[in-house]
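[1] model the structure of this input:
(2 chains)
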Amino acid sequence: MNKSKAIFKLSLIELLTEKEVIFIWSLSSAMGLITIMATWLASDKEIIGGYTKSQLVSYYFFMYIISQIIGWYICWGIRESIMNGSISNFLIKPLNYIKYLFIHELSYKIINMATQIIVGTILIIIIRSYLEFIITPKIIIEIIPVLIIGIGINFLSHFILGCTTFFFLESHFIIFFYEILSLTLNGLFIPLSFFPNNVLSVIKYSPFRFTYSLPAELIFNKLDSKEYLISLIIGVAWVLILAMLAYLIWKKGLKKYSAYGS
Amino acid sequence: MLKYLKLYKTFITNCLMRDLEFRINFILYTVLNFLWTGLTYFSVFIIYGQVDRIGSWDKNEMLLFTTVFSFSNALLKLSLYQNSNKLSEYIRNGELDFLLSKPKNTRFIISTRYFKFQQIPRLLMFFYLIFLQTFKLNPQVNISSFFYGFILIFLGVFGMYCLLFIINSFAFWKPRICNLFALTDKLEGLADRPSDIYKGILKYLFTFFPIAAFSTIPAKFFLGKGTIELFIEAAIITVFFFCLSHIIWKLGLKRYESASS
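    Take a look at the predicted model:
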């Protein structure tokens, strides 16, 4: 516990020196909203895929918030530390690398949230007339396990992606391919209800849906209680599968890994 | 001038040799670039599965627009994009000292040093698609529309490069910021929808910034909706941003303090 506290404190101190960098990340992710919101607002239909225009603007605003909570992009850091050998520093210490990554990323998220208050407030002021969703205490209770599942799936899948660097020294293309697949199927870019029914019946079981789309479906009342429970069960199953895969790839990767020099 | 062409040729040869050393990577990146392009078209199909028009653009016009944007994007990413993003890196790690000591124009070296051959297959494909889609939508199109359209694409890409260069020059004042590329990426991304779908202040802002000139104005010329006023507007914006980027670059250099020595 003391070790975790120390890592958390050190990470916070380290990240506080990078406030401007974190602010740029926040600003750039908010800028990504402009195009997609403008696209739907300029469309000729009032109801689009079951959403009103205001609901769609709210959907993307909500996605922006969710992506700040769930988006744990640890694969790039793992990739770099395997490629330049700095991962060895963790391996020789009495420290669990996965635990370190989790705590470090958690501290990043906390600092990020602080910068989001500025960017998010500006965003709310700009789009306030379009915002249209109600958050009840029931939704808050229901969304917590959904967010935990989302973080679990994102963290573990990015961990696995980062660990592929043990096997393919230039793993950038694997991560890029995953990003393309994920962007298509996670609802961040396009609500899953816009897909044709036959495609939707398959992708609704993919792990991508349980990251970004599921919280949005909950907020916009697209799930009944039975569907919510089934989704939770499938989500937990994906977390367990990914955790097993992460464990296996980490063990195999360490056997393959070698570092030279100091 | 000839010396600079020779230097540029050396840079390109050097990048080709590097790419040929990692052939599998080269092929995989090319494939991924095509997949990314596929996602862009896929999004158009999904959007138009729900609506008939976005602003004044119907599905086929939007597909042509997407091709024009993708062509401009590939042209920018062929060389200028990553080179302008390298500026902030050079400032941060002090490598700019080394470049400043070269007996050639430093901005030229920074802007042309790297060349991405992976973009060439994309460029060729979009070049072909622009003709194909334009003839489908506008059979009466004349050669001058293509001429002006491609000139505008080059102007738009150059204007966008100047904008990216300005953003990266910000590192002269704040060298610790290591992720200015995130902003440049999003700025370029703003051009992936027609600039006339934006409303209010954004509409004026994106017309003034070289965002409309990057994709919307050339696309209008291919559709036969271009006017001489639009052409002049794009040219003025590009010249303005080139001058501005040059002034900021010069001001930045005055402020530059080496990071390494």
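[2] how about the residues of the stretch 151-261 of chain B by chain A?
    Selection of the stretch 151-261 of chain B residues close to chain A by Cβ under 8 Å from any Cβ of the partner chain yields B:174, B:176-180, B:182-183, B:185-187, B:189-190, B:192-193, B:197-199, B:202. (Each C-beta comes from the backbone N, C-alpha and C, glycine too.)
[3] okay, now the unreliable bits of the stretch 1-150 of chain B?
    Scanning the stretch 1-150 of chain B for pLDDT under 70 picks out no residues.
[4] among the residues of the stretch 151-261 of chain B next to chain A, name the buried ones.
    B:177-180, B:182-183, B:185-187, B:189-190, B:192-193, B:197-198, B:202 (16 or more other Cβ atoms under 10 Å in any protein chain shown).
[5] does the residue lying closest to B:L35 once chain neighbours are set aside sit in a helix or strand, and which one?
    Among residues not flanking B:L35 along the chain, A:I180 sits closest, at 5.3 Å (Cβ to Cβ, 6 or more residues apart in numbering or on different chains). Secondary structure assigned from DSSP states H and E places A:I180 in helix A:172-185.
[6] mind giving me the packing neighbours of that helix?
    helix A:75-83, helix A:137-163, helix B:23-50 (3 or more Cβ pairs under 8 Å, 6 or more residues apart in numbering or on different chains; DSSP states H and E).
[7] 6 Å - rerun?
    With contacts taken as 3 or more Cβ pairs under 6 Å, 6 or more residues apart in numbering or on different chains; DSSP states H and E, helix A:172-185 sits against helix B:23-50.
[8] run through the neighbouring helices and strands of the helix it packs on.
    Using 3+ Cβ pairs under 6 Å, 6+ apart: helix B:23-50 touches helix A:172-185, helix B:59-78.
[9] can you tell me which of those helices is most buried?
    For the helices and strands packed on helix B:23-50, the largest average neighbour count (mean count of other Cβ atoms under 10 Å in any protein chain shown) is found in helix B:59-78, namely a mean of 23.
[10] can you name every helix or strand that that one contacts?
    On a contact count with 3+ Cβ pairs under 6 Å, 6+ apart, helix B:59-78 meets helix B:23-50, helix B:119-137, helix B:143-169, helix B:217-222.
[11] as CSV, those helices with mean neighbour count would be great.
    Converted to CSV, these look like this (neighbours: other Cβ atoms under 10 Å in any protein chain shown):
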stretch, mean neighbour count
helix B:23-50, 16
helix B:119-137, 16
helix B:143-169, 21
helix B:217-222, 28
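[12] now render these as JSON lines, adding distance to A:L91.
    Below are those laid out as JSON lines (distance: least, Cβ to Cβ, whole Å):
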{"stretch": "helix B:23-50", "distance to A:L91": "27"}
{"stretch": "helix B:119-137", "distance to A:L91": "38"}
{"stretch": "helix B:143-169", "distance to A:L91": "36"}
{"stretch": "helix B:217-222", "distance to A:L91": "53"}
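[13] of the ones you listed, which approaches A:C163 most closely?
    helix B:23-50 (18.7 Å; Cβ to Cβ).
[14] that closest one to helix A:172-185, inter-axis angle?
    10 degrees (axes from the mean of the first three to the mean of the last three Cα atoms, to 10 degrees).
[15] quick check: next helix or strand after helix B:23-50?
    Criterion used, DSSP H and E; the element after helix B:23-50 is strand B:53-54.
[16] not counting that following strand itself, show me its contacts.
    A:T39, A:A42, A:S43, A:D44, B:I197 (Cβ atoms under 6 Å, 6 or more residues apart in numbering or on different chains).
[17] about what we covered before: between the buried ones among the residues of the stretch 151-261 of chain B next to chain A, which is closest to A:S88?
    B:C178 (23.6 Å).
[18] burial count for residue 21?
    Let's take chain A. 18 (other Cβ atoms under 10 Å in any protein chain shown).
[19] my bad, the chain I had in mind was chain B
    B:E21 has 9 nearby residues by other Cβ under 10 Å.
[20] next one: it relative to B:C15, how far apart?
    11 Å (Cβ to Cβ, to the nearest Å).
[21] and for B:S215?
    For B:S215, the distance to B:C15 - Cβ to Cβ - is 26 Å.
[22] and the two? Which one has more around it.
    B:S215 (30 against 16).
[23] with B:A219 as the reference, measure out to the closest residue to that one other than its chain neighbours.
    Counting by Cβ to Cβ, 6+ apart, the nearest residue to B:S215 once its immediate chain neighbours are dropped is B:F69, at 4.0 Å. According to Cβ to Cβ, B:F69 stands 8 Å off from B:A219.
[24] for A:F177, same thing?
    If you go by Cβ to Cβ, the gap between A:F177 and B:A219 works out to 29 Å.
[25] what parts of chain A come near chain B?
    Residues of chain A lying close to chain B by Cβ under 6 Å from any Cβ of the partner chain are A:20-21, A:24, A:28, A:31-32, A:35, A:38-39, A:42-45, A:48-49, A:170, A:173, A:176, A:180, A:190, A:194.
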